[in-house]
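**Q** build me a model from this:
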Amino acid sequence: MTTQTSIQPFHVIPGAVVKDILNGLRQEAIEIVAQTYLTHERGETVNPDSYFLRFPAEPANRIIALPAAIVDSEGDQSVSGIKWLASYPDNIKIGRMIHNIAVKDGSAVAIPSFFGEERRW
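**A** Next comes the predicted model:
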């Protein structure tokens, strides 16, 4: 017997759109973050150490990988993802010091459904 799994569409969400959404839903975003901390306190998350990629010839620069997952005890709402953060302090000269990307995978078939980016300086 074969189980049919539907594949969700993949979305790319630019940082400006994320910022607009969060600005419009500020209280809801705060509540989601609070609930996520409580989920972590209950032990329903997987949050391994961050991984740092450093460059010997450019010691100020680094890339950080931050994987994490929220594990639903019922097994049907688990979400995992990774945040990729590049920090190049000299980029402040061009108006951009940190660039990060988040990829979310919430499907049973391990296909990413979301890719978001943000730039900070």
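**Q** mind checking which helix or strand the residue nearest the centre of the chain is in?
**A** Nearest residue to the geometric centre of the chain (C-alpha atoms, centre = their mean): Ala102, 3.4 Å. Using DSSP states H and E, Ala102 sits within strand 98-105.
**Q** next one: that strand to chain centre, how far?
**A** 5 Å (C-alpha atoms, centre = their mean, to the nearest Å).
**Q** please renumber the chain so that the first residue is 33 from this point on.
**A** Sure thing, new numbering starts at 33, so read that last one as strand 130-137.
**Q** now for that strand, which elements pack on it?
**A** Secondary-structure packing of strand 130-137 (3 or more C-beta pairs under 8 Å, 6 or more residues apart in numbering; DSSP states H and E): strand 111-119, strand 146-152. Backbone N, C-alpha and C define where each C-beta goes, glycine included.
**Q** and the gap between Glu76 and Lys136?
**A** Distance from Glu76 to Lys136, counting by C-beta to C-beta, to the nearest Å: 17 Å.
**Q** quick check: buried residues in stretch 115-135?
**A** Across stretch 115-135, burial judged by 16 or more other C-beta atoms under 10 Å covers 115-120, 123, 129-132, 134.
**Q** pLDDT and distance to Thr71 for the residues you listed - can I get that in CSV?
**A** What follows is those, written out as CSV (pLDDT from 0 to 100; distance: C-beta to C-beta, whole Å):
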residue, pLDDT, distance to Thr71
Lys115, 86, 17
Trp116, 85, 23
Leu117, 85, 22
Ala118, 85, 28
Ser119, 85, 28
Tyr120, 83, 33
Asn123, 78, 34
Met129, 65, 31
Ile130, 67, 26
His131, 71, 28
Asn132, 72, 22
Ala134, 72, 18
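**Q** so the residue nearest to the centre of the chain makes contact with Gly113?
**A** Yes: with contact defined as C-beta atoms under 8 Å, Ala134 reaches Gly113; the gap is 6.0 Å.
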